[in-house]
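In: Just need the structure, nothing else, for what follows:
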Amino acid sequence: MRRALGDELAAELLCVDAETIALGDVRVDADDFRWLAASSSLDDWRAALELYRGDLLEELDAELLLAPRAELRELYLATLERLCTALTQAGHFANALSVAARGRSIVSCVETGRCDHDVLLLTPAVKPRAGHDVVFLL
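Out: Next comes the predicted model:
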């Protein structure tokens with residue numbers, strides 16, 4: 001590990017004793033992503049969405065990464081949905097569509113109040129204008 005990092009970086013990042021090698025005080029973007037997504041702040045949700053750049057360590061083909069990848073992907077989609085819903089409820093439709101496009105979501109304005117990760121639904125209190133019932137984002 002020391003060879004891969006180089007002496008200077010290894011000294012900065014690793015805590016080494018006779019029995020163990022551990023990471024020192026480092027920030028991991030996946031932890032930051034989880035923390036921001038768990039917040040109640042729209043700005044934090046935006047920051048979380050900016051941090052997510054695809055599957056965790058997607059260049060590695062390891063079965064042990066399947067569950068964390070799925071968990072982070074689901075959290076990304078849930079955060080995307082929460083932000084889109086909040087923006088829509090605030091009447092910021094263009095911003096909501098822009099955010100939804102990042103997830104290649106289908107945006108549908110219906111009155112059922114049911115949401116899932118693939119569909120952003122406007123709440124019954126927010127009615128679309130006539131002729132603007134459904135918008136598909138590719």
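In: What segments of the protein are helices?
Out: Counting by DSSP state H, residue ranges of the helices within the chain are 2-5, 7-13, 29-38, 42-51, 66-89, 93-102.
In: looking at the protein, which helix or strand is least sure?
Out: Across the helices and strands of the chain, mean pLDDT, DSSP states H and E gives its lowest value to strand 106-108, namely a mean of 35.
In: just to revisit the earlier point, among the helices of the chain, single out whichever gets nearest to Glu58.
Out: The stretch from those with the least distance to Glu58 (C-beta to C-beta) is helix 66-89; that distance is 7.7 Å. All C-beta spots, glycine's among them, are computed from the backbone N, C-alpha and C.
In: what's the closest non-adjacent residue to the spatially most central residue of the chain?
Out: Computing the C-alpha centroid of the chain and ranking residues by C-alpha atoms, centre = their mean puts Tyr76 first, at 2.7 Å. In space, and not counting its chain neighbours, Tyr76 is closest to Tyr52: 4.6 Å by C-beta to C-beta, 6 or more residues apart in numbering.
In: Was I right to think that neighbour contacts Ala78?
Out: No - using C-beta atoms under 8 Å, Tyr52 is not in contact with Ala78, being 11.4 Å away.
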